[in-house]
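>>> Could you look at this predicted model? Sequence included:
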Amino acid sequence: MDCAATLYDVINRRRDTRREFTGATVDETVLHRVLLAAHAAPSVGMSQPWDFVLVRSPETLRTFRDHVAAEREAFAGQLTGERAETFERIKIEGICESGLGIVVGYDPTRGGPQVLGRHAIPDAGLYSVVCAIQNLWLAATVEGLGVGWVSFYREQFLRELVGMPDHVRPIAWLCVGAVADLPDVPDLERFGWRARSSLETVLHRERYRAAPEHP
């Protein structure tokens, strides 16, 4: 398989992993390569405004898992009918099972007060951090690791849990670890929460055109 085909294969195999973690320890050399890939991401004004906190303490993993479980239940309480039944099948797992959490932070002060390219788009630094996360995710996929992005948490709770200062925003808790396999179909699609749309539904030419309304 040539380089281009390999790249597209990795992009399409990338999954948000939950149930597949084996608990095996991630090799330090492999983890270093994955983090280097994240650190090689493009960033506005070369500010590199990301931080990575590696969390392996079983106590910290359990504390975060319990917080996430409570937030999940709070969200579930807002659902009714078919949505509630579908969501019940989607389990929030992987925090303890993976054995490693990588908390990605965004430091808007990185690069000084005048960051080249951010004066008109304040969120450009945040976008840079997301690029680093995508690099990490693709590199992990190449290395045979799974990644799960946890989103059921309160930022202040996570900030205090890992000791981030007030000016650093926690952007993601990533569960990272060895996996038995990667599912062919993403969980949210497999469990019927939402199906992937076609490219044509989001593609516009020259100007944005609103999608036609369905009766």
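Great, that's in hand.
>>> tell me the contacts of the residue nearest the centre of the chain?
Per C-alpha atoms, centre = their mean, the C-alpha nearest to the average position across the chain is that of residue 149, at 3.5 Å. By C-beta atoms under 8 Å, 6 or more residues apart in numbering, the residues touching residue 149 are 16, 133, 172, 173, 174. (Each C-beta comes from the backbone N, C-alpha and C, glycine too.)
>>> so which helix or strand takes in it?
Assigned by DSSP states H and E, residue 149 belongs to strand 145-150.
>>> low pLDDT regions in the protein?
The chain contains residues with pLDDT under 70 at 1, 86-87, 89-92, 184-193, 212-215.
>>> where do the strands sit along it?
50-55, 101-106, 145-150, 169-178 (DSSP state E).
>>> Columns distance to residue 4 on top of the ones you listed, output as CSV?
Formatted as CSV, these follow (distance: least, C-beta to C-beta, whole Å):
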stretch, distance to residue 4
strand 50-55, 28
strand 101-106, 28
strand 145-150, 23
strand 169-178, 26
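>>> Any idea which of these gets closest to residue 124?
strand 101-106 (11.1 Å; C-beta to C-beta).
>>> Next up, the contacts around the residue lying closest to residue 96 once chain neighbours are set aside.
Using C-beta to C-beta, 6 or more residues apart in numbering and skipping the chain neighbours, the partner closest in space to residue 96 is residue 61 (4.8 Å). For residue 61, the contact set (C-beta under 8 Å, 6+ apart) comprises 55, 95, 96, 99, 101.
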